[in-house]
Every structure is written in C-alpha cells, then in structure tokens.
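Novice: sequence first, then the predicted structure:
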Amino acid sequence: MKSLSTEILVIGGGAAGLSAAAEAAAAGAKVLVAESDLHLGGQLVKQTHKFFGSKDEYAGTRGFKIADILLSEIDSCKENVEIHTNTTITGFYPEDGIFTAMRGEEKFFHISAKKTIVATGAQERLIPFPNNDLPGVYGAGAVQTLMNVYGVVPGKRVLMVGAGNIGLIVSYQLMQAGVEVAAVVEAAPRVGGYWVHAAKIRRMGVPILLRHSIKKAVGDQVITGAYITALNDRFEPVGEESYMDCDVICIAVGLSPTTEILSQAGCGMMYVPQLCGLVARRDRTMRTSNPDFFTAGDASGIEEASAAMVEGRIAGLSAASSLGYPTEHGKLDEYWGRLQALRSGEAGARICQGLECVLVNRWEDVSNG
Ligand SMILES: Cc1cc2nc3c(=O)[nH]c(=O)nc-3n(C[C@H](O)[C@H](O)[C@H](O)COP(=O)(O)OP(=O)(O)OC[C@H]3O[C@@H](n4cnc5c(N)ncnc54)[C@H](O)[C@@H]3O)c2cc1C
C-alpha cells in the first residue's frame, strides 16, 4: 500500500485547517492537507452572506470570498504545502503511528506525520420524529450545499426547525433563492441566533414560533406537510397540533464537534456542554495531551469561523514551532488577544466558561490528560 509522509498533517481543509496550513507553511514546515470534500474551504464555501466578527478575521467579507483569501495565502507558500482533496482520513493507529486515508472510494493509502492538526469541523445534530426518514427532510448544511454550491433549490415550501444562526441564515438564503419559508419553529423560549438575522426574516413575513417544535412529518413517498406543536417549559407538547403544508423540513438544531481521530490518538477528552460536545483538552498552543496532536476550529468546540481561523493559526504556529521552525516572538499572544476580542459578547462568555473546563496551563501539571 502506498505511503506518504509529512512533517505536519492537517486533517480538514476548512477555515481552521487552511489557516493552520498557511501559518505552518509560512514558518517553513512541510504540510499535507487532507480534505474529504472535492474542494477546500469547508463551511466557508457555502456561506454567501457577509461575516460579522473582527476586521482581522475579514468581517464584512462573504464566507466564500474568505475561503479564496486563505487559499491565495496558501498558494504564496505552495512549495511547502501538499493538498489532497477527495481524501478522507479514516483512522489513526497509535501502535504504528499511521493514519489510514481513502481517496474517492477505491484508493487507500497510509500517511505518517510528525505532528497532526485535527481540524475536522462539526457534524449536524438531528432530532427524532415520525417519518423523519422521508425524502425532503434535510440538515441545514445539506440545504446550503445544494443551493449555494450546486445551485439547486431543495423544494418550494420549507418548514425550518431551529432559530439559531444557522436556521435563520439558511431561511434567509432560501428566500433569496425564491423558496417560501412557511415558519421557523424553535423549542427554546428565545431566538438563539443574532437578533439582526431574526429581524430580517421576520420583516420578510416569516413567523418565528418560539416554544414550538415539529411533532411529525407527513407524506407517503415524499414530504407533503408537517404537524407542529407548542411546548411547555419542560419541552413537552401541549395544546392542539397544527398542520403546515411544506415539501421540505430543514433541521438546524445545532452541531457537535467531530473528534473521533483525537479519541483514537488517545488525547484526553471531556464533554463540555458550552462547547457543544466531546472535545480534547488543550493548552494555549492548542496542543492536546498527546504532544503530537493539536486541535482547532469547530472540532475543538462549536464557535464561529472567525475563531476557527485564529485557532488554526495558533495550532499551525505551535506545530511548526514544536518542530524547531522559528516563529515570530509575541505572535501567540497576539492571536490570543484576537480570540479574546472575538469572545467578548454573550455567546463568547459561554465559550469562555467552556474553555475554563478544558484549558490546561502546563501539561506537566496534569496527571491523566
Ligand atoms: C449557515 C452557517 C452560517 C455561518 N455563519 C457564520 C458567520 O457569519 N460568521 C462566522 O464566523 N462563522 C459562521 N459560521 C460558522 C463557521 O462556518 C464554522 O464555525 C467554521 O466553518 C468552522 O471551521 P472549521 O475549519 O473548524 O470546520 P469546517 O469549515 O466544517 O471544515 C472542516 C473540514 O474538515 C473536513 N473533514 C472532516 N473530517 C475529515 C476527515 N476525516 N478527513 C478529511 N477531511 C475531513 C470536512 O470535509 C470540512 O471541509 C456559520 C456556519 C453555518 C453552517
């Protein structure tokens, strides 16, 4: 079986992985980026809206344009970067220090690396309800990919489940594409996403029904409608169900970090609700309890692309520095300053609480990872 080797393996070519690769390669390290998808950019390539955040992290620029900026940065040190798209890292075998990789569905090979940055992003959560396996029930990420990458609308009338930023932004993008959004149902007593996104879709006539959820999808071969229900403060259905015509039910109820490779590498893991799931403990350099593994982006806790990019830069800088490549003095502190600025709002306070559980000052002081 073919084998590749590299100094730094970056798993995932999204906001975090591309930033990590750019930073490590600029420091002089040889980097291999493995990305499952056919193209680089991760979630960024689907995002047609202008980003919030800070100027350093391209606030005011559309997501797919940010991906282009990161790719041109990588291009400027291309002699140090090997890109493998359509390539999934399927596992890590600690006894041999080998990654198994699959290109397409037929080519298999091994990769060995001195250091690894796991920037595998997140997985969408789904919820159980009768008939949720009928064609027409989508995750919000799939709807975004269909519309914004392939130019295909998923249907004519959508029921959106979830009023976090993803549910709100995808609702708006559906309407921009000429699709009607019947309603957004949200189990919580308040909208989870930014007020500005909620206001925009309310102005376009879409009701956001708080303390409501989907009860059941209706249809024979495909979705033709849905029953929704009000919820009490224990999230139990109350009152009469109401019926809504729709041919698409879009689920946007949150993300969970994708961390299997970190677990396989024996990194100390912890379930942290504020970071939305199981994440690796890490120090300020994004190094995990396995000194050869770093983590960044949504894989290290669900946040935003802006934070993912800065964490990627920290991981890239630290991985290169751990191999002896000289890095600019003070850069780590500068990046932490940028992260702190991004984490200054209400959502940031929740992230900081979560980080208090997983951030380690010195691995030497920690007995069991
Ligand atoms: C609808 C929506 C709107 C958003 N709006 C904003 C916004 O306005 N501002 C903002 O800052 N953020 C926003 N975000 C969040 C932002 O997109 C994510 O936080 C960011 O993309 C995380 O970057 P990442 O690199 O960690 O993950 P991703 O971008 O998801 O990249 C991870 C990559 O890893 C690859 N991968 C996973 N497993 C493997 C494997 N085993 N082998 C190889 N490759 C693998 C995946 O294919 C993927 O390309 C939004 C997200 C969504 C969904």
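Specialist: That came in fine, so what should we check first?

Novice: what residue in the stretch 251-369 of the chain comes nearest to the ligand?
Specialist: Closest to the ligand within the stretch 251-369 of the chain is Gly297: 2.3 Å, counting by C-beta to the nearest ligand atom. For glycine as for every other residue, the C-beta is placed from the backbone atoms N, C-alpha and C.

Novice: quick one: contacts for Lys331?
Specialist: Leu317 (C-beta atoms under 8 Å, 6 or more residues apart in numbering).

Novice: same question for Arg103.
Specialist: So Arg103 contacts His84, Asn86, Thr87, Phe109 (C-beta under 8 Å, 6+ apart).

Novice: can you pull out the strands in the stretch 251-369 of the chain?
Specialist: Assigned by DSSP state E, counting those that start in this stretch, the strands in the stretch 251-369 of the chain fall at 255-257, 269-272, 277-280, 293-295.

Novice: same question for stretch 104-114, mean pLDDT?
Specialist: Confidence over stretch 104-114 (mean pLDDT, whole number) is 94.

Novice: which parts of it are buried?
Specialist: Ile111, Ala113, Lys114 (16 or more other C-beta atoms under 10 Å).

Novice: quick check: residues of the stretch 201-350 of the chain near the ligand?
Specialist: Contact residues (C-beta under 6 Å from any ligand atom) of the stretch 201-350 of the chain with the ligand: Thr258, Gly297, Asp298, Ala299, Glu303, Glu304, Ala305, Ser306, Ala308.

Novice: in helices only, show me these.
Specialist: When helices are assigned by DSSP state H, the members of these inside them are Ala305, Ser306, Ala308.

Novice: look up how far Gly297 lies from the second one.
Specialist: According to C-beta to C-beta, to the nearest Å, Ser306 and Gly297 sit 11 Å apart.

Novice: ok, now the last one?
Specialist: Using C-beta to C-beta, we find Ala308 at a distance of 4 Å from Gly297.

Novice: need the residues touching each of those two.
Specialist: Gly14, Ala15, Ala16, Ala119.

Novice: ok, and which of those residues reach the ligand?
Specialist: Gly14, Ala15, Ala16, Ala119.

Novice: what about the residues you listed, which are in helices?
Specialist: Ala15, Ala16.

Novice: nearest to the ligand among the ones next to the ligand among the shared contacts of Ala308 and Gly297?
Specialist: Nearest member of these to the ligand, counting by C-beta to the nearest ligand atom, is Gly14, at 2.0 Å.

Novice: partner strands of the longest strand anywhere in the chain, with direction?
Specialist: When the chain is parsed with DSSP state E, its longest strand is strand 107-118. Using DSSP bridges, strand 107-118 pairs in its sheet with strand 3-11 (parallel), strand 98-103 (antiparallel), strand 293-295 (parallel).

Novice: does the ligand sit close to the first one?
Specialist: What it means is strand 3-11. Yes - with C-beta under 6 Å from any ligand atom as the criterion, the ligand is reached by strand 3-11 at Ile11.

Novice: now that strand: mean pLDDT?
Specialist: pLDDT averaged over strand 3-11 gives 97.

Novice: over to stretch 21-32?
Specialist: 98.

Novice: stretch 353-368 too?
Specialist: 86.

Novice: now stretch 185-196
Specialist: Stretch 185-196 shows a mean pLDDT of 94.

Novice: do stretch 221-235 as well
Specialist: 97.

Novice: picking that back up, Ser306 and Gly297: which is more packed in?
Specialist: Set Ser306 next to Gly297 and count neighbours by other C-beta atoms under 10 Å: Gly297 wins out with 36 against 23.

Novice: isn't the more buried one right next to Ala15, touching?
Specialist: Yes - between Gly297 and Ala15 there is a contact under C-beta atoms under 8 Å: 6.2 Å.
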